[in-house]
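**Q** Structure of the sequence below:
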Amino acid sequence: MTIDKTAIRNAATVIVIRDRMTTPSILMGQRGAKAAFMPNKFVFPGGAVDIGDADIPLASALTPQCAARIGEDIDPALAHAIPVAAVRELWEETGLILGQKGEWQGDVPPDWETFAATGHLPHAEPLQFVFRALTPPGRPRRFDARFFLVDVDDIASDPDNFDAACDELSHLQWVPLTKARSFDMPFITEVVLAEVEARARDLNAPESVPYFKNNDEESLFLRLKGKTPTYTGGD
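**A** Here you go, the predicted model:
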């Protein structure tokens, strides 16, 4: 299958946080020097939604509030696929399991065979939707990315064991929030990082989710509340 490099791809990114009430840190890794999108940058694990993600069963769904906000301004069919992609990308890029014990029914898709072999089903309920950003025009890749915050206590595997990770991210490490800004990261990662810093010790869902909507006509800063997005100004 040929991928249209000019198309906007839906994506999911996961920010895993640990020791959030004391000395919070987040999991980050470095993209390869030859990567077409954001080479050498330190990022959170994540990637594009695959067509097959829509058919993957979840042990638990997003909370109703997160689901309502995810569902704004998108094809309804994506509401299930996006959190599935978040769990898959976290597994592929870090080897961490966001899952609940359970047996898969029927054939397991190739992309999920290693995850299924751990004896888990993907677990979306702990994912807290905290940010959405559409890559501006003119970039080599464009993504409509949803960022999820998840507490390390909801990870079903050893948070320091990255042995099952693929090689897409190197130098996987827990970065103290107080030192994260010293890393070379994309602008949007810095923006999301500020949101995480503000919410690090707050276990409740945000009152609204920031949405940087950089379309071909204008750049908007919206707030997603689970209904019609609220415009709060922008260029």
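
**Q** Please work out which residues outside stretch 178-191 touch it.
**A** With contacts defined as CB atoms under 8 Å, 6 or more residues apart in numbering, stretch 178-191 is touched by 26, 28, 38, 40-44, 131, 133, 135, 145, 175, 193, 212. Every residue, glycine included, has its C-beta placed from N, CA and C.

**Q** Narrow those to those in strands?
**A** Ile26, Met28, Phe42, Val43, Phe131, Ala133, Ala145, Val175, Phe212 (DSSP state E).

**Q** Distance-wise, check the fifth one relative to His123.
**A** The reference is to Phe131. 21 Å (CB to CB, to the nearest Å).

**Q** next one: the second one
**A** The span separating Met28 from His123 equals 22 Å under the rule CB to CB.

**Q** Which of the ones in strands among the contacts of stretch 178-191 sits closest to Asp153?
**A** Closest approach to Asp153 among the ones in strands among the contacts of stretch 178-191 (CB to CB): Ile26, at 14.3 Å.

**Q** quick one: the closest one from Asp184, how far?
**A** Applying CB to CB to Ile26 and Asp184 gives a distance of 15 Å.

**Q** Those two - which one has more neighbours?
**A** Shown here are Ile26 and Asp184; by other CB atoms under 10 Å, Ile26 has more neighbours (22 against 9).

**Q** who's in contact with that one?
**A** Residues near Ile26 by CB under 8 Å, 6+ apart: Ile15, Val16, Ile17, Arg18, Phe44, Trp174, Val175, Leu177, Ala180, Leu193, Val196.

**Q** Relative to Ile8, which of those is nearest.
**A** Nearest to Ile8 among these, with distances taken as CB to CB, is Phe44, at 19.5 Å.

**Q** Does the closest one touch Ala11 like I think?
**A** No - using CB atoms under 8 Å as the test, Phe44 is too far from Ala11 to be in contact (11.2 Å).

**Q** Between the two, point out the one with more neighbours.
**A** For Phe44 versus Ala11, neighbours defined as other CB under 10 Å are more numerous around Phe44 (26 against 22).

**Q** His171 and Phe143, how far apart?
**A** Counting by CB to CB, the gap from His171 to Phe143 is 22 Å.

**Q** and if you look at Trp112?
**A** Trp112 is 22 Å from Phe143, by CB to CB.
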